[in-house]
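[1] predicted coordinates and the sequence they were generated for:
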Protein chains: 2
Amino acid sequence: MLRVKPKRAETTAALESKEAVAVLASLAQETRLAIFRHLVIAGDEGASAGTIATALEVPGPTLSFHLKELERAAIISSRRESRLIYYKANYARMRALIDFLTEDCCGGRPEVCFGSKGRGRK
Amino acid sequence: MLRVKPKRAETTAALESKEAVAVLASLAQETRLAIFRHLVIAGDEGASAGTIATALEVPGPTLSFHLKELERAAIISSRRESRLIYYKANYARMRALIDFLTEDCCGGRPEVCFGSKGRGRK
DNA sequence: ACTATATTTCCAATATTATGGAAATGTCAA
DNA sequence: TTGACATTTCCATAATATTGGAAATATAGT
């Protein structure tokens, strides 16, 4: 039997309003959102800068700029593997963002957003 | 027993990537996020521009600019009531954003973001 | 050391966004 | 129709973000 994940993958720190703005801004750009989506699909291994550049047809310096923005917001992380630098999505951070928005959206009035019972998940 | 909402409050249209960027951008600014949060708390009646301006201490023209941005992204809506203009949060739109992010984050690998079973809600 | 490849930093041009005073508009009451 | 109030539009300024070529840095193979 293939136990997938006994508990949360990474620690989920709640987002402050300022931080939430930063994460939102990091995703509020077409190329960056495309990068993030690409990385979600790439999974845990992530994808190298070159692979991303080719897939999304973005010039190196432009890609590098956006990768840095995403990393600054901690919505992605990177590791070097010999000559390649692999980037990977930070799911915990995305989850924290979703949780922040859920609180923002539903704080006090969950019924309006998610029906009479709120969300299943705490 | 107090049945709160039999079904969804508003129709929830799924977000396109471009639209998602627009909604993200509309919230990716401190003042605008504060406005939105204020409106969530204000509830269905919403809050007038003046009320918001006073509460958040934002000059009229600046507020007006941000309200327009939020409205352009359809994350809030407005109605005039005699001399006042009331703004109110569009919960359905926020939900659509959250759903978009959830798909983006978890599409293919829900276990990574939300534990081995995904979210309770569809 | 030299070469090739991957990626980044530097930098300057361009584009977009945010800010708020002054003036315009819209609404109502007298 | 004048006056008071709420809000917006106009507009100039300032701040921030995006873009990509050229040059720099990092790593590995020969």
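    Here it is on my side, so go on.
[2] from here on, contacts and neighbour counts on C-alpha atoms
    OK.
[3] A:Arg80 - how many residues pack around it?
    Look at A:Arg80: counted by other CA atoms under 10 Å in any protein chain shown, it has 10 neighbours.
[4] same question, A:Ala73
    Around A:Ala73 there are 20 residues (other CA under 10 Å).
[5] quick one, phi psi at it?
    Note on A:Ala73: backbone dihedrals following degrees, to the nearest 10 are phi -80, psi 0.
[6] so A:Ser78 is in which element?
    Taking DSSP states H and E as the definition, A:Ser78 sits inside strand A:76-81.
[7] in that strand, what's buried?
    A:Ile76, A:Ser77, A:Ser78 (16 or more other CA atoms under 10 Å in any protein chain shown).
[8] adjacent strands (with direction) for the helix or strand just after that strand?
    Using DSSP H and E, the helix or strand that follows strand A:76-81 in sequence is strand A:84-89. In the sheet containing strand A:84-89, its partner strands are strand A:47-48 (antiparallel), strand A:76-81 (antiparallel), by DSSP bridges.
[9] pull the longest helix from chain A.
    Ordering each helix of chain A by length in residues (DSSP state H) puts helix A:91-106 first.
[10] A:Ser64 in helix, strand or coil?
    Each residue gets one of three states, and A:Ser64 gets helix by DSSP: H, G, I helix; E, B strand; the rest coil.
[11] identify the residue spatially nearest to it, adjacent ones excluded.
    Of all residues beyond its chain neighbours, the one nearest A:Ser64 is A:Ala49 (7.7 Å), with distances taken as CA to CA, 6 or more residues apart in numbering or on different chains.
[12] what is the neighbour count of the one you found?
    A total of 19 residues lie near A:Ala49 under the criterion other CA under 10 Å.
[13] doesn't A:Ala49 make contact with A:Arg79?
    No. With contact defined as CA atoms under 8 Å, A:Arg79 does not reach A:Ala49; the gap is 10.8 Å.
[14] export the strands paired with strand A:84-89 to TSV and append columns for mean pLDDT and distance to B:Met94.
    Compiled in TSV, those are given as follows (pLDDT from 0 to 100; distance: least, CA to CA, whole Å):
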stretch	mean pLDDT	distance to B:Met94
strand A:47-48	98	30
strand A:76-81	98	23
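[15] can you list these in TSV and add distance to B:Leu27?
    As requested, the strands paired with strand A:84-89 are exported to TSV (distance: least, CA to CA, whole Å):
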stretch	distance to B:Leu27
strand A:47-48	29
strand A:76-81	20
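[16] as TSV, these with distance to DNA strand C would be great.
    Listed next are the strands paired with strand A:84-89 as TSV, based on distance: least, CA to the nearest atom of the strand, whole Å:
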stretch	distance to DNA strand C
strand A:47-48	4
strand A:76-81	8
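[17] to DNA strand D, which of those strands lies closest?
    The closest approach between DNA strand D and any of the strands paired with strand A:84-89, judged by CA to the nearest atom of the strand, belongs to strand A:76-81 at 6.7 Å.
[18] please state the offset of that closest one from the chain centre?
    14 Å (CA atoms, centre = their mean, to the nearest Å).
[19] show residues contacting it.
    Outside strand A:76-81, the residues within contact range by CA atoms under 8 Å, 6 or more residues apart in numbering or on different chains are A:Phe36, A:Leu70, A:Glu71, A:Ile85, A:Tyr86, A:Tyr87, A:Lys88, A:Ala89, A:Asn90.
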